[in-house]
Every structure is written in C-alpha cells, then in structure tokens.
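Peer 1: Provided below for reference: sequence and predicted model.
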Amino acid sequence: MGETSARANCLLVPMVARSAGSSNTAGVTPDSILLNGKVAIVTGGGAGIGRGIAQTFAAFGGRVALFERDPERLAKVAAEIEAAGGTVLAVEVDVRDGEAVDGAVAETIERFGTIDILVNNAGGVFAAPFLETNEKGWDALHRANLKHIYHCTQRVARQMVEQGSGGSIINVVSIEGVRAAPLYATYAAAKAGAINFTKTVGLELAPHGIRVNALAPDICLTEGLRGLMDEKSLERAKLTVPLGRLGEPEDLGGVAVFLASELSRYITGETLHVDGGTHAAGGWYHHPLDGSYVYGPLPEE
C-alpha cells in the first residue's frame with residue numbers, strides 16, 4: 001500500500017467515527033437547556049465552584065455524582081442537593097489517584113448506568129516564589145491541577161465512547177492559565193496545560209460526539225477566598241472587575257449548564273472566561289472615587 005493510500009485510510013477512520021457519533025441536529029428549544037436524566041460527575045464537588053456547579057446541575061434536572069475527598073463536605077453538599085429534590089451519589093475519592101478514580105467511575109455506572117457529563121473541578125494552590133519552589137511542590141500542584149484531569153477524562157471518555165451517545169467534558173481552569181501569575185508559576189503552568197489539553201482532547205474526542213471545553217474563573221467568592229481576604233480586601237477587589245462585583249460559584253454553574261446542555265452542541269475545544277470581564281480588561285480597573293476606568297497601580301484613596 002502506497003503512502004497516499006495509507007494517508008487516505010488514516011483520514012477515513014475519524015470521518016466514519018464522526019458520522020456514527022454525531023448528535024441530534026434538530027433545532028434547539030427552551031427545553032434544550034435542561035439536563036433531565038443526564039448523569040454528571042463533578043470532582044471537588046464538596047465546596048466552592050464544584051458545589052455551585054453540582055447544585056445548579058441538579059436544579060436543571062441532572063443526576064449528580066459528587067467526587068470529593070473530604071467526607072464532611074461531601075455529606076453536607078449531598079444532603080443539600082437531596083433536600084432540594086435532586087438526585088445525588090456521594091463518592092468519597094481522591095481523584096489524584098488513578099485507581100481510586102477507576103473505582104469511583106465504576107460506582108457511578110453501577111448506580112446510574114451511564115455518564116453524560118464530566119466536570120473536572122478539583123484543584124489546589126499555594127504561593128511560592130519560583131526560586132524557592134522545590135520539586136515536591138511542583139509535583140504536588142501538577143498532580144492536583146492537571147494529572148487528575150487526565151485520570152478522570154480518560155476513564156469517563158472511554159465510557160462515553162462505549163455508550164456511543166457522545167457527552168460533554170468541562171475543565172475548570174483559571175485566568176492564571178493565560179496571564180502571568182507571580183508567586184504562582186507552578187499553578188499557572190498547570191492551568192495553561194489544562195487549557196491546551198482541552199483544545200487537543202476536544203479534537204481527538206470530537207469524532208465520538210464528545211465535546212471538551214473549559215471554564216476560566218478569576219476572583220470567585222468561594223470558602224477558600226473568604227478565608228484569605230478580609231472585607232476591605234474583597235471590596236477593593238471589586239474595583240478590578242468591570243461588572244463591579246466578585247464572582248459567585250453559581251455564576252460558574254450557569255455557564256457549566258450551558259456547556260453541558262444541547263445549547264452548546266456546536267462548541268468544543270474552547271475556554272470561556274467567566275470572570276466579570278477581568279480577562280478582557282487586561283489591567284484596566286474602576287477608580288475607587290468615581291468609577292472611571294484607569295490603568296496602573298490601584299490608588300490608595
């Protein structure tokens with residue numbers, strides 16, 4: 001077989017798969033936003049953005065599998081979803097461990113029979129000057145913010161391919177993946193890796209009808225942020241946001257529902273910045289006295 005024929009055969013395989021995995025192309029309706037009956041895994045679902053996404057999914061009719069390593073937070077959020085009338089499976093798991101992920105995915109399939117949506121939300125961060133960063137710290141942050149995405153995406157994508165009905169995978173990244181982040185070089189590198197992973201795997205999985213996208217928040221009022229910043233700092237932070245307020249986990253939840261639903265059926269490989277406009281601002285902020293846009297150091301008065 002000649003080189004030209006070999007190339008033709010290589011190109012033929014994904015085209016056939018794409019035809020088999022194509023989703024419904026009927027027109028969208030108001031019901032297209034609903035997740036009724038769909039099964040969604042949300043990692044790190046016990047707090048912050050993960051909790052907001054899980055609760056919003058449940059409110060839109062999704063059945064949610066919470067993957068969380070903290071048993072107390074896991075039980076609390078699961079109880080909140082059930083109290084609101086949602087369907088939830090609480091799975092205590094450390095998604096940094098590939099074998100543990102295998103077990104958690106198997107448990108989800110045993111309970112619900114299918115997986116339609118995956119949200120890779122788990123992660124962690126700490127500040128460290130680059131010159132003082134050691135290999136252990138580098139590995140820990142990449143394991144927490146990038147390697148677990150590999151674990152969960154590969155396991156769940158294989159299940160989606162076997163099901164033959166497509167799916168949606170959403171990676172929660174960060175604005176730090178596209179801008180410099182002094183003292184957070186390792187974290188920023190991991191998030192940048194997750195953004196390119198989203199693009200590349202989005203292309204690889206497209207023939208199977210599986211869409212892969214990312215959400216990039218900036219300042220979001222999670223439990224962790226509230227513990228790090230006092231009220232004065234939080235108020236000043238609002239000046240950096242064009243929309244004039246800090247993000248809430250539910251803001252990410254709304255966009256996650258969009259990416260999980262049929263309304264976004266023609267979007268893959270993209271990163272949506274859910275940040276109130278800070279990515280677009282590129283350093284512009286509201287003056288604390290008159291609200292006008294200024295650029296440069298934040299005035300003290």
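Peer 2: All right, it came through fine.

Peer 1: confidence score at the closest residue to E262 other than its chain neighbours?
Peer 2: Leaving aside its sequence neighbours, E262 sits nearest to S32 (C-beta to C-beta, 6 or more residues apart in numbering; 4.1 Å). Placement of C-beta: from N, CA and C, glycine included. Per-residue pLDDT puts S32 at 95.

Peer 1: from what I can see, S32 looks like it's in a helix, true?
Peer 2: Yes - counting by DSSP: H, G, I helix; E, B strand; the rest coil, S32 is found in a helix.

Peer 1: quick one: contacts for it?
Peer 2: Neighbouring residues of S32 by C-beta atoms under 8 Å, 6 or more residues apart in numbering: S261, E262, L263.

Peer 1: how about D218?
Peer 2: S174, I175, V241, G247, H273, D275, G276, T278, H279.

Peer 1: for R111, see how far away A79 is.
Peer 2: 17 Å (C-beta to C-beta, to the nearest Å).

Peer 1: need the distance between the two termini of stretch 176-195.
Peer 2: Terminal residues of stretch 176-195 are spaced 11 Å apart (C-alpha to C-alpha, to the nearest Å).

Peer 1: buried set for that stretch?
Peer 2: 176-178, 181, 184-195 (16 or more other C-beta atoms under 10 Å).

Peer 1: and stretch 91-111, average pLDDT?
Peer 2: Mean predicted confidence for stretch 91-111 is 98.

Peer 1: on contacts alone, who are the packing partners of the helix or strand harbouring A214?
Peer 2: Using DSSP states H and E, A214 sits in strand 210-217. Applying 3 or more C-beta pairs under 8 Å, 6 or more residues apart in numbering; DSSP states H and E, one finds that strand 210-217 contacts helix 148-163, strand 167-172, helix 185-205, helix 249-260, strand 271-274.

Peer 1: want to try TSV for those, with mean pLDDT and distance to E92 as columns?
Peer 2: Shown next, in TSV, are those (pLDDT from 0 to 100; distance: least, C-beta to C-beta, whole Å):
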stretch	mean pLDDT	distance to E92
helix 148-163	98	15
strand 167-172	98	20
helix 185-205	97	24
helix 249-260	97	21
strand 271-274	98	28
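
Peer 1: just to revisit the earlier point, what angle do helix 148-163 and the strand holding A214 make with each other?
Peer 2: Angle, strand 210-217 to helix 148-163, by axes from the mean of the first three to the mean of the last three C-alpha atoms, to 10 degrees: 150 degrees.
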